[in-house]
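Enquirer: Kindly generate the corresponding structure for this input.
(one chain, ligands or ions: 1)
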Amino acid sequence: MRIDIISIFPDYFAPLDLSLIGRARASGLLDVRVHDLRSWTHDRHNTVDDTPYGGGPGMVMKPEPWGEALDEVVAGAPARLILPTPSGRPFRQADAERLAGEERLVFGCGRYEGIDSRVAADAALRMPVEEVSIGDYVLNGGESATLVMVEAITRLLPGVLGNTESAVQDSFASGGMENLVEGPVYTKPVMWRDQEVPPVLLSGNHGAVDRWRRDQALRKTARNRPDLVGAMPEEALDRRDREV
Ligand SMILES: Nc1cc(-c2ccc3ccn(Cc4ccccn4)c3c2)[nH]n1
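Expert: Below you'll find the predicted structure:
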């Protein structure tokens, strides 16, 4: 997969040189290219913003640099443009899984009050464009949202997660754990600050461990995400769980 990121803060993406994504890039598994939007400005001050038509606070990102940047970065090869914005469609795990199947993604990171709306409309004449929100809170720009989405998407690519990591996407869809959040996890030592590891996990009884983990995940989901429990199909609960 090739990912292009366009931003006025390219250094924001230094974390993509680290850890699993950094390793995937070094191995050639993943091709991530970060571009400074100001490379496509032509004035002395490298201007990327201007006052909003119709008045109002703040500044808006000018369309010209974006148009030139997208023309060059996309350069005829089919790509999907992702534009983080507070007003976008919610980004969910299903979107990460869907986008992990794309050959090319381009992320356009806005700042100020956003990008002139004609940029998305013009790009949509040549490529699929998605305006996406990572959550109902307002950030200062699209860079953090892009880091989140790039991580959620690229960790699903074959070979990116090593043998010791697990593709957590299954926690929402595998083995009767539909729509459940992760339950508690434990490792050595068996006793730590007067807290012991739940004995069932030391029992070697895999059936009992699976049932315990499902019960814990159900309890945690009911406590932290009642919205998910409501969405759980009745048949997803076995008889014992209905007693929870
Ligand atoms: N889930 C999200 C995404 C964003 C986001 C994404 C891109 C931009 C470009 C500018 N801003 C600031 C801003 C503030 C107020 C209204 C409009 N935009 C962004 C915010 N916030 N929360």
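
Enquirer: Residue 51 against residue 60, yeah?
Expert: Yes: applying CB atoms under 8 Å, one finds residue 51 in contact with residue 60, separated by 7.5 Å. For the C-beta atoms, the positions are set from N, CA and C on the backbone; glycine is no exception.

Enquirer: any idea whether residue 21 is helix, strand or coil?
Expert: helix (DSSP: H, G, I helix; E, B strand; the rest coil).

Enquirer: Find the residue closest to it in space, skipping its chain neighbours.
Expert: Nearest residue to residue 21 in three dimensions, chain neighbours excluded: residue 154, at 5.6 Å (CB to CB, 6 or more residues apart in numbering).

Enquirer: which ones are touching the one you found?
Expert: Residues near residue 154 by CB atoms under 8 Å, 6 or more residues apart in numbering: 1, 3, 21, 24, 30, 100, 160.

Enquirer: higher neighbour count, residue 51 and residue 60?
Expert: Comparing residue 51 with residue 60 by other CB atoms under 10 Å, the one with more neighbours is residue 60, at 20 against 11.

Enquirer: Report pLDDT for the nearest residue to the more buried one once chain neighbours are set aside.
Expert: Leaving out its chain neighbours, the residue that sits closest to residue 60 by CB to CB, 6+ apart is residue 52, at 4.8 Å. For residue 52, the pLDDT comes out at 98.

Enquirer: separation between residue 52 and the ligand?
Expert: Counting by CB to the nearest ligand atom, to the nearest Å, the gap from residue 52 to the ligand is 11 Å.

Enquirer: My read is that that residue contacts residue 113, right?
Expert: Yes: contact status for residue 52 versus residue 113: in contact at 6.5 Å, counting by CB under 8 Å.

Enquirer: and for the two, which residues touch both?
Expert: Common neighbours of residue 52 and residue 113 (CB under 8 Å, 6+ apart) are 58-60.
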